[in-house]
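Engineer: From the sequence below, what's the structure:
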Amino acid sequence: MPLSRIATRRAYGLIHVIISTLHRVWIPSEATLGEGFHIIHVEGSISIHPAVVIGKRCGIMHNVTIGTNMTAGAPKIGDDVFIGVNSCILGDIRIGDRVRIGANTAVTTDVPSDSIVVGSPAKIYPRLGPFLRERSLDDA
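Structural biologist: Model prediction:
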């Protein structure tokens, strides 16, 4: 490997460590982030595993961890997903499209599209499911 390439990689690594430590946002260059990925608040730490795949228009809040659960594989997150404050998404799992993950939620299983996930351990609800059931009971 040429000497200039080695020097450039070391300089990049040093700059990356300094900036990541100051901002507490760890997003490695190997992670796949879709178009429109955005961080809503950068108040706390954000940690993303290098093998993570995140779809388009995903928004995450502060203190979020997306990574492994001490096993091989990393999460694959679909399009239009929102991840709330202090949430963890761990393991070789698939998060579907248009999913909302609430604050303080620990997700370790697959989540189907159009769902809402809350709690620790995570409970998966179909979007608007409880509201539709209440309305149908009132109409009866």
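
Engineer: Can you name the residues that contact the closest residue in space to D97 that isn't next to it in sequence?
Structural biologist: The shortest distance from D97 to any non-neighbouring residue, by C-beta to C-beta, 6 or more residues apart in numbering, is to G78 (3.9 Å). Every residue, glycine included, has its C-beta placed from N, CA and C. Residues near G78 by C-beta atoms under 8 Å, 6 or more residues apart in numbering: G55, R94, I95, G96, D97, R98, V99, S113.

Engineer: Would you quantify the distance from G78 to D114?
Structural biologist: Using C-beta to C-beta, to the nearest Å, one gets 10 Å for the distance from G78 to D114.

Engineer: Which neighbours do the two have in common?
Structural biologist: Listed as contacting both G78 and D114 by C-beta under 8 Å, 6+ apart are G96, D97, R98, V99.

Engineer: Show me which residues of stretch 13-33 are buried.
Structural biologist: Neighbour-count burial for stretch 13-33, counted by 16 or more other C-beta atoms under 10 Å, picks out S20, V25, W26, I27, A31, L33.

Engineer: just checking, the fourth one touches H49?
Structural biologist: Which is I27. No. Applying C-beta atoms under 8 Å as the test, I27 and H49 come out as separate, 9.8 Å apart.

Engineer: Low-confidence regions, this structure specifically.
Structural biologist: For the chain, the stretches with pLDDT under 70 are 1, 128-140.

Engineer: which helix of it spans the most residues?
Structural biologist: The helix spanning the most residues in the chain, taking DSSP state H as the definition, is helix 3-23.

Engineer: Moving C-terminal from that one, which element do we reach first?
Structural biologist: Once helix 3-23 ends, the next helix or strand along the chain (criterion: DSSP states H and E) is strand 25-26.

Engineer: which other residues reach stretch 39-55?
Structural biologist: Identification of contacts with stretch 39-55 by C-beta under 8 Å, 6+ apart yields 23-28, 30-34, 37, 59-68, 73-81, 85, 97.

Engineer: S115 bridge partners, please.
Structural biologist: For S115, the beta-bridge partners are P126 (DSSP bridges).

Engineer: hmm, back to that, need the contact partners of the longest helix of the chain.
Structural biologist: Helix 3-23 has contacts (C-beta under 8 Å, 6+ apart) with W26, V42.

Engineer: Perfect, I'm done here.
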